[in-house]
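[1] Pasting a predicted model and its sequence here:
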Number of protein chains: 2
Amino acid sequence: MPTPLIVRKRAEMRNLILTNRASGKRIGFVPTMGSLHQGHTSLVEHATAECDDVITSIFVNPSQFGPDEDYKEYPRDLHADVHLLAQHGVRWVFAPDVQEMFPPGDSTRVEVSGPAKPYEGTLRPGHFSGVATVVLRLLQSAPAHKIYFGAKDWQQILVVRQMVRDLGVDVEVVTCPTVRDKDGLAMSSRNTYLSETDREQALTIYSSLQQAKKHWCNGIAINKIEKDLKTMLSAKKIQIEYADIVDAESLQKIPESNPSTPAIILIACRVGSTRLIDNLLLPSQTLSSC
Amino acid sequence: MPTPLIVRKRAEMRNLILTNRASGKRIGFVPTMGSLHQGHTSLVEHATAECDDVITSIFVNPSQFGPDEDYKEYPRDLHADVHLLAQHGVRWVFAPDVQEMFPPGDSTRVEVSGPAKPYEGTLRPGHFSGVATVVLRLLQSAPAHKIYFGAKDWQQILVVRQMVRDLGVDVEVVTCPTVRDKDGLAMSSRNTYLSETDREQALTIYSSLQQAKKHWCNGIAINKIEKDLKTMLSAKKIQIEYADIVDAESLQKIPESNPSTPAIILIACRVGSTRLIDNLLLPSQTLSSC
C-alpha cells in the first residue's frame, strides 16, 4: 500500500480533510501518541472498514502528562509508526510538533467535570483537561466523521463523549474493544517499560478481571467481588490504586439492590514502577452469556 | 426581503451551514444576545458585504452572567429582532433554547487565561469562560467562514481571538467599529436601563474618551491623562470601575518610554445602577491624524 502523507501543519491538515469531505468521502480519525501496537492498528482497521479514508495523528500531548509523569521518556518512533500505518492503509499521518498544537502564548483549556472527576481525574490532576483540550484541537484540524478510541481508556472515552456532546462537535465517537496479548495483558505503549518479572506479575490483572466477572455472573455481592479482586492483585505484589465495580456510564458505585445496571470493573495499579490500567465491561446478570 | 428561517436545533443549523458551504457559499456569522440595535445591524451589514449568506444567532447565554447580574432582566424580543434582521437580509436566525445549548448534565467549559485575566476577567469572574464556551458551541453549530464582533466589547474580541487561535478553530474573527448614537453614547442593549438623567450623565463617557485622545496626541503623560479622565467622569457622579490606557493587544500598562505601542483607553463604570463599558483605540502619536 502507498506510504501515508505526513502532514505537520494544522491548516494543511484541515484543508486536506475538508477537500476530501467536499468530494463526498467519509473520513475516520484515529488519534494516537505514537509508539503504535496492535491496539492502535485495530482502531485503524475499524476506521478503514467504516470510512473511505483514514487519518491517524501521532502527537505526544504534553498537556495530559503530570509534572512527575513520563512525558520525556514516553516512547517515540515516527519512522516505525508510519511504516506500520502504511501496512494498514492509512492515508494521512498528522504529526505536528508541540509548537504547532500549543503555539507560544497559548492559554486556552477545555475543562470537563462529570465523568472526568473520579478515578484518573483524582489521581492524575489536569490529565483529562489535557486530553479534552488536545482532542478538541485535533478535531478542529481533522474534522472527521468518526473518531476511534480503545475501550482500555474507558474513562477517557466518557470524557471525550461528554465534551463532544456538550460542545456540539460534529463527530461520532466510536469505542473499539481492548486488544490483548495472547496472555491477556491489555496492549499499551507503556508495556515496553515492564521487566520480565513485571510482565509475569501484570498477567494477574486480566486473570483477576476474569475471576471477578465469573463471580459477578454467579451473583456474588459486589463488596465481596472487589475484596477478592484486591486480594488476588496484592498477592502478586501489585500496588492497587483502584479496583472497583461501578456504573459504566456514571462511574458511580452501584447499589446492591440494582445489580442490572450496566457495570464495569476498573483497575489502576503499579507493577514495579509502571502504572497500568485495565477494565472489563460486565454483562447483565440476567443474560445467559453471563 | 424574505423573512429569515428561524432554526432552533444545533444539528439542523449545522446541516444548513454545511450544505451551503458545500455549494461554495461564503457564510458570515453575527452572534448576538438579541435586543438588537444599530450596533448589531452594522455587524450584519459588514457580514452581508463580505459573505454570500449571513446567519445571526440570538441566545441570551446564561453562562456569561454572574449570579448577581441581569440574566433574568436582560431584554428579550425575538419577534422584533427577527423583523429587524429581515430588513438587513439575514438568511438564518439561530435561536436555540438554553437546554439545546447546555443540555442536562452539561459539564464542559472553555477556559482562556491571558487576555481574559484582567479588567472584566477580574470584575466578572467566570464571564469570559461563559463567553468562550458559548462562542465555541455556536461555531460548532454554525461553522461559518467569518464571525463578527463589535469593538465596544474589546476584551471579548481578544478572548475569542485567543481561543480561536489556540484551538485552531477554522474561522476568521472580524472586528467592526463601535456604533454610537448621535450624542456619542455607544450602542448597547443595556442602554434601555438608563433613565433620562442617567443617559445625560453617560454622555460624559464618550466626551472623556475624546478629551483623553486629544491629550494623548498632544503627548501628555499617560498617568496625567488617566487622572484627568477619572476626574471628568467622577464630576458627573459616574462610578468608575476602571479607566486605563493600556496596550491594545496585551492589555498591559504601557511604559512611558514606549508611547508608540498600539494603545487603547478602556472604561467600565456605573451610571445609576447600570454598568456600561466603552473604549477608544488611540492612534500612533507619530501619525498626522493623531
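    Okay, I see it. Numbers count the residues shown, from 1 in each chain, chains lettered A, B, ... in the order given.
[2] Show me chain A divided up by domain.
    Domain assignment of chain A by automatic domain parsing yields the ranges A:5-176, A:189-282.
[3] what would those domains look like in a markdown table with mean neighbour count and distance to B:Gly121?
    C-beta: built from backbone N, CA, C; applies to glycine. Formatted as a markdown table, the domains of chain A follow (neighbours: other CB atoms under 10 Å in any protein chain shown; distance: least, CB to CB, whole Å):
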| stretch | mean neighbour count | distance to B:Gly121 |
| --- | --- | --- |
| domain A:5-176 | 19 | 12 |
| domain A:189-282 | 17 | 33 |
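[4] need these in JSON lines with distance to chain B and mean pLDDT, can you?
    Shown next, in JSON lines, are the domains of chain A (distance: least, CB to the nearest CB, whole Å; pLDDT from 0 to 100):
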{"stretch": "domain A:5-176", "distance to chain B": "4", "mean pLDDT": "97"}
{"stretch": "domain A:189-282", "distance to chain B": "10", "mean pLDDT": "94"}
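[5] can you put those in CSV and add distance to B:Glu73?
    Output for the domains of chain A, formatted as CSV (distance: least, CB to CB, whole Å):
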stretch, distance to B:Glu73
domain A:5-176, 27
domain A:189-282, 36
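[6] I'd like to know which of those is closest to B:Pro125.
    domain A:5-176 (14.7 Å; CB to CB).
[7] measure that closest one end to end?
    Domain A:5-176 has its terminal residues 25 Å apart, counting by CA to CA, to the nearest Å.
[8] Stretch A:212-229 now?
    End-to-end distance (CA to CA), stretch A:212-229: 6 Å.
[9] for stretch A:63-71, same thing?
    The first-to-last residue distance of stretch A:63-71 comes to 9 Å (CA to CA).
[10] Identify the residues contacting it?
    Under the contact criterion CB atoms under 8 Å, 6 or more residues apart in numbering or on different chains, stretch A:63-71 has outside partners A:60, A:62, A:74, A:102, A:109, A:124-131, A:133-134, A:190, A:193.
[11] show me the residues around A:Ile222 that make contact.
    Contacts of A:Ile222 by CB under 8 Å, 6+ apart are A:216, A:245, A:254, A:256, A:259.
[12] circling back: nearest to B:Thr274, out of the domains of chain A?
    Comparison of the domains of chain A against B:Thr274 by CB to CB identifies domain A:5-176 as nearest, at 31.2 Å.
[13] From the chain's centroid, how far away is that closest one?
    10 Å (CA atoms, centre = their mean, to the nearest Å).
[14] related to what we said a few turns ago, please identify which of the contacts of A:Ile222 is nearest to B:Lys152.
    Nearest member of the contacts of A:Ile222 to B:Lys152, counting by CB to CB, is A:Ile254, at 52.6 Å.
[15] can you give me the strands in the stretch 101-250 of chain A?
    A:108-112, A:146-150, A:172-176, A:239-247 (DSSP state E, counting those that start in this stretch).
[16] between the second one and strand A:172-176, what angle do the directions make?
    Computed by axes from the mean of the first three to the mean of the last three CA atoms, to 10 degrees, the angle separating strand A:146-150 from strand A:172-176 equals 30 degrees.
[17] OK, contacts around the residue nearest the centre of chain A?
    Geometric centre of chain A, nearest residue: A:Asp153, 3.2 Å, by CA atoms, centre = their mean. Residues in contact with A:Asp153, defined by CB under 8 Å, 6+ apart, are A:Ile277.
[18] 10 Å instead, please
    By CB atoms under 10 Å, 6 or more residues apart in numbering or on different chains, the contact set of A:Asp153 is A:39, A:120, A:131, A:159-160, A:175, A:178, A:186, A:188, A:277, A:279.
[19] What of A:Thr231?
    A:Ser208.
[20] same deal with A:Thr192?
    Applying CB under 10 Å, 6+ apart, we find A:Thr192 in contact with A:35, A:37, A:75, A:274.
[21] excluding its backbone neighbours, what's nearest the second one?
    Put plainly, it is A:His37. A:Met187 (4.8 Å; CB to CB, 6 or more residues apart in numbering or on different chains).
[22] got it, and the third one?
    Nearest residue to A:Pro75, sequence neighbours excluded (CB to CB, 6+ apart): A:Ser35, at 4.1 Å.
[23] The one you found reaches A:Ala80, doesn't it?
    Yes: judged on CB atoms under 10 Å, A:Ser35 makes contact with A:Ala80 at a distance of 8.6 Å.
[24] so the helix ranked longest in chain A versus strand A:239-247, what angle?
    If each helix of chain A is counted by residues according to DSSP state H, the longest one is helix A:196-217. Orientation note: helix A:196-217 sits at an angle of 30 degrees relative to strand A:239-247 (the same axes, to 10 degrees).
[25] so what does helix A:196-217 touch, helix or strand wise?
    helix A:222-235, strand A:239-247, strand A:263-271, strand A:274-282 (3 or more CB pairs under 10 Å, 6 or more residues apart in numbering or on different chains; DSSP states H and E).
[26] and of those, who's closest to B:Leu203?
    Going by CB to CB, the one of those nearest B:Leu203 is strand A:239-247, 60.0 Å.
[27] Can you give the distance of the closest one from its chain's centre?
    With CA atoms, centre = their mean, you get 17 Å for strand A:239-247.
[28] packing partners for it?
    helix A:120-123, helix A:196-217, helix A:222-235, strand A:263-271, strand A:274-282.
[29] what packs against the last one?
    Applying 3+ CB pairs under 10 Å, 6+ apart, one finds that strand A:274-282 contacts helix A:120-123, helix A:154-167, helix A:196-217, strand A:239-247, strand A:263-271.
[30] mind putting the ones you listed in CSV, distance to B:Ala263 included?
    Putting the helices and strands packed on strand A:274-282 into CSV (distance: least, CB to CB, whole Å) gives the following:
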stretch, distance to B:Ala263
helix A:120-123, 43
helix A:154-167, 35
helix A:196-217, 61
strand A:239-247, 53
strand A:263-271, 52
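[31] if we can go back for a sec, show me the contacts for the residue nearest to A:Pro75.
    A:Ser35 neighbours (CB under 10 Å, 6+ apart): A:58, A:60, A:74-78, A:80-81, A:188-192.
[32] Equivalent analysis for A:Thr56, please.
    A:Thr56 neighbours (CB under 10 Å, 6+ apart): A:4, A:28-32, A:34, A:36, A:40-41, A:43-44, A:47, A:81-82, A:84-85, A:88, A:90-95, A:142, A:148.
[33] Okay, and the beta partners of it?
    A:Val30, A:Val93 (DSSP bridges).
[34] What separation is there between it and A:Ser23?
    Per CB to CB, to the nearest Å, A:Thr56 is found 21 Å from A:Ser23.
[35] now A:Asn15
    Taking CB to CB, one finds A:Asn15 at 13 Å from A:Ser23.
[36] A:Asp153 now?
    Taken as CB to CB, the span from A:Asp153 to A:Ser23 is 33 Å.
[37] Stretch A:145-156: end-to-end distance?
    Counting by CA to CA, the terminal residues of stretch A:145-156 are separated by 19 Å.
[38] for stretch A:59-68, that is, sorry about that
    19 Å.
[39] repeat for stretch A:227-246
    OK, stretch A:227-246 end separation, CA to CA: 14 Å.
[40] how near is A:Ser188 to chain B?
    27 Å (CB to the nearest CB, to the nearest Å).
[41] how many neighbours does that residue have?
    23 (other CB atoms under 10 Å in any protein chain shown).
[42] give the contact list for it.
    The contact partners of A:Ser188, by CB under 10 Å, 6+ apart, come to A:35, A:37, A:39, A:150, A:152-153, A:178-179, A:194, A:202, A:274-278.
[43] Ramachandran coordinates for it?
    When read as degrees, to the nearest 10, the backbone of A:Ser188 gives phi -160, psi 140.
[44] before we move on, the earlier item: wait, isn't the residue nearest to A:His37 in contact with A:Tyr206?
    No: at 11.6 Å, A:Met187 does not count as touching A:Tyr206 under the criterion of CB under 10 Å.
[45] shared neighbours of the two, anything?
    A:178, A:180-181.
[46] In a markdown table: those residues, plus pLDDT, neighbour count and distance to chain B.
    Output for those, formatted as a markdown table (pLDDT from 0 to 100; neighbours: other CB atoms under 10 Å in any protein chain shown; distance: CB to the nearest CB, whole Å):
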| residue | pLDDT | neighbour count | distance to chain B |
| --- | --- | --- | --- |
| A:Thr178 | 98 | 20 | 26 |
| A:Arg180 | 98 | 15 | 32 |
| A:Asp181 | 96 | 14 | 35 |
